[in-house]
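> Next input, structure requested:
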Amino acid sequence: MLQLFADRKQELQFLEQHYQTQTAELIIIYGRRRVGKTELVLQFSKNKPRIYFLADRRPETELIQELKQRMSLYLKNESFAKLAINDWVELFQEFTKWNKTPHTTIIIDEFPTLIEANHAIPSIFQKIWDQNLKNTRIMLILLGSSIATMETEVLNYKSPLYGRRTAQWKLTPLKVFHLKPFFSKYNAETLMHVYACLGGVPAYLQKFNPTLSFWQNVEQKLLTKGEFLYEEAEFLLREELREPRNYSLILKTIAQGARTYGEILNQTNMDKSILSKYTSVLEDLGFIKRTYPIAITPKPRKGLYTIADNYLNFWFKYIFPNKTELETGNTHALLNKIREDYNTYLGHAYEQAATEILTEMKTQNKLPFTFTTIGKWWHKNNEIDLIALDEEKQIATFLETKWSTLNKIDCARTIQNLKAKAQNFRWNRKKENYGIIAKKISEKEQLTRQGYFIFDLTDFEQLLTQNHLR
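Below you'll find the model as predicted:
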């Protein structure tokens, strides 16, 4: 299938700006697996003099020899490959002596793998930078999929590399409005279906066949034994975690609807201290996130847990609990169950997508209101899907998000309930706005004339179906 590279314009500009400096650059790029880090730097450097090196779990001496070989090819000098070099510092020292191309980009992919094998690696690369690179025009890019390792061993102020890096970028998944280049024939509603089960990870989006329908893709790519997306969630956990079974139980519990720490504790029957440790690890990896109610200070101690990645959420809700059935090839029964439940499941994803879309529309000055921050709010039995706050003008916009088609009666009741809940939101405001975001709203014009902010997929169509291909 054609490899796509969608909407990384901002990241490419960031790298290009640093490349154009007259000094050495030490750039840190990190983010979860499959998010597109390698493709980003390869796209950026494809017409530039570069050396790309992927670290793996071979002995360190073998890795040094491989990088030496790659440097030799880059230098077009076989004599460099014959040098007796056995450590990283000496390798870079010799390379800077031999290199006649001042503006060289050196990319080391999966840098945490080097640290895993040798905890002195950050100190070693500090020495490399201080003694060999900082006075050159070489651009050294370190990539990492282990977010926890990159943040603690590379970016943390206690790291030997702290203060050496010239810039860093945490690469995040694509937004919902970046999906169109992958599925040129899908309409806005189908794109939302895709987003709810795959999220914005390019490697996952590439696995769906754009010539098939959404449900054909779900059956063939997600529910079929042996397929990449059928196995990927388990691979991720085995790759990152020592006890994937317990972590899988937590993820399944959250995917099935447990949101508070107490609910997860009760449903997993884990020891409190053990669960706290496991949830902390999952947060560090970016697999789950804790959401806190907007505009509450100080921040509450307890938040609501959700699975941060839509693919993992889909997998642990539908695939993991039904692996026995799927292993026998009985996909049709589960597919029918998913189809019956999918509109309900899509509700949370639509809320997430709405946040992304409203933020982008604000950036493009296409919203009838302004905000400086947006988020969810709850207190006791009251919960509001989205509140957009303009903290400068002291304006609060309350929004209910529903993946359903609303008629006049539903809208009136929804607005009435929203107003009642908003009275419990303790935030000093001069003005209030109210609105609804749904899949389809039949009385949109009438409600808009009454002063409400009403959005459905037709309002998002242009943004969702524009081409962000770079």
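
> so how many other residues sit close to Ile274?
13 (other C-beta atoms under 10 Å). Glycine gets a C-beta too; all of them are placed from N, C-alpha and C.

> For it, which non-adjacent residue is closest in space?
Leaving aside its sequence neighbours, Ile274 sits nearest to Asn246 (C-beta to C-beta, 6 or more residues apart in numbering; 7.7 Å).

> Likewise for Tyr261?
Lys302 (6.3 Å).

> From the contact counts, what lies against the least confident helix or strand in the chain by mean pLDDT?
One helix or strand of the chain scores below all others by mean pLDDT, DSSP states H and E: helix 147-149, with a mean of 84. For helix 147-149, the elements it packs on are helix 111-117, helix 272-284, judged by 3 or more C-beta pairs under 8 Å, 6 or more residues apart in numbering; DSSP states H and E.

> could you dump those to TSV with distance to Gln126 and mean pLDDT?
Formatted as TSV, the helices and strands packed on helix 147-149 follow (distance: least, C-beta to C-beta, whole Å; pLDDT from 0 to 100):
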stretch	distance to Gln126	mean pLDDT
helix 111-117	13	95
helix 272-284	24	91
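
> State the mean pLDDT of the longest helix along the chain.
Longest helix in the chain by number of residues, with DSSP state H as the criterion: helix 331-363. Regarding helix 331-363, the rounded mean pLDDT is 95.

> On the three-state scheme, Ala396 is what?
strand (DSSP: H, G, I helix; E, B strand; the rest coil).

> Count the neighbours of it for me.
26.

> repeat for Lys9
Neighbour number of Lys9 under other C-beta under 10 Å is 10.

> and it, what pLDDT?
Looking at Lys9, its pLDDT is 87.

> how far away is it from Asp459?
Separation of Lys9 from Asp459 (C-beta to C-beta, to the nearest Å): 24 Å.

> Could you do Thr113 as well?
According to C-beta to C-beta, Thr113 stands 45 Å off from Asp459.

> So what's the residue count around the residue nearest to Tyr261?
Lys302, neighbours per other C-beta under 10 Å, totals 11.

> and if you look at Gln256?
If we define neighbours as other C-beta under 10 Å, then Gln256 has 13 of them.

> dump the residue contacts of it.
Counting by C-beta atoms under 8 Å, 6 or more residues apart in numbering, Gln256 makes contact with 267, 316-317, 321.

> Look up how far Phe95 lies from the residue lying closest to Leu367 once chain neighbours are set aside.
In space, and not counting its chain neighbours, Leu367 is closest to Met361: 4.9 Å by C-beta to C-beta, 6+ apart. The gap separating Met361 from Phe95 is 48 Å, by C-beta to C-beta.

> Lys302 contacts Glu263, correct?
No. With contact defined as C-beta atoms under 8 Å, Lys302 does not count as touching Glu263 (11.2 Å).

> can you give me the helices in the stretch 1-150 of the chain?
For the stretch 1-150 of the chain, the helices defined by DSSP state H, counting those that start in this stretch cover 9-19, 37-45, 60-75, 78-81, 88-98, 111-117, 121-128, 147-149.

> what's next to the second one, contact-wise?
With contacts defined as C-beta under 8 Å, 6+ apart, helix 37-45 is touched by 3, 5, 8, 11-12, 15-16, 19, 29-31, 52, 105, 107, 109, 141, 143, 145, 171, 202, 470.

> rerun at 7 Å
5, 8, 11-12, 15-16, 29, 31, 52, 105, 107, 109, 141, 143, 171 (C-beta atoms under 7 Å, 6 or more residues apart in numbering).

> Between helix 9-19 and that helix, find me the angle.
Relative orientation of helix 37-45 and helix 9-19, computed by axes from the mean of the first three to the mean of the last three C-alpha atoms, to 10 degrees: 60 degrees.

> Can I get helix 37-45 in PDB? Just the C-alpha atoms.
C-alpha atoms of helix 37-45 as PDB (Å, rounded to 0.1, in the frame of the first residue of the first chain):
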ATOM      1  CA  LYS A  37       8.800   9.600  14.400                       C
ATOM      2  CA  THR A  38      11.100   7.700  12.000                       C
ATOM      3  CA  GLU A  39       9.000   8.700   8.900                       C
ATOM      4  CA  LEU A  40       9.100  12.300  10.100                       C
ATOM      5  CA  VAL A  41      12.900  12.600  10.300                       C
ATOM      6  CA  LEU A  42      13.400  10.600   7.100                       C
ATOM      7  CA  GLN A  43      11.100  12.900   5.300                       C
ATOM      8  CA  PHE A  44      12.900  15.900   6.700                       C
ATOM      9  CA  SER A  45      16.300  14.700   5.800                       C
END
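
> in it, what counts as buried?
Using 16 or more other C-beta atoms under 10 Å as the test for burial, helix 37-45 gives 37-38, 40-41, 43-45.

> before we move on, what about the first one?
Residues of helix 9-19 classed as buried by neighbour count (16+ other C-beta under 10 Å): 11-12, 14-15, 18-19.

> which pair in the residues you listed spans the largest distance?
Glu11 and Tyr19 (12.6 Å; C-beta to C-beta).

> ok, back up a step: and Thr113 and Asp459? Which one has more around it.
Shown here are Thr113 and Asp459; by other C-beta under 10 Å, Thr113 has more neighbours (21 against 17).
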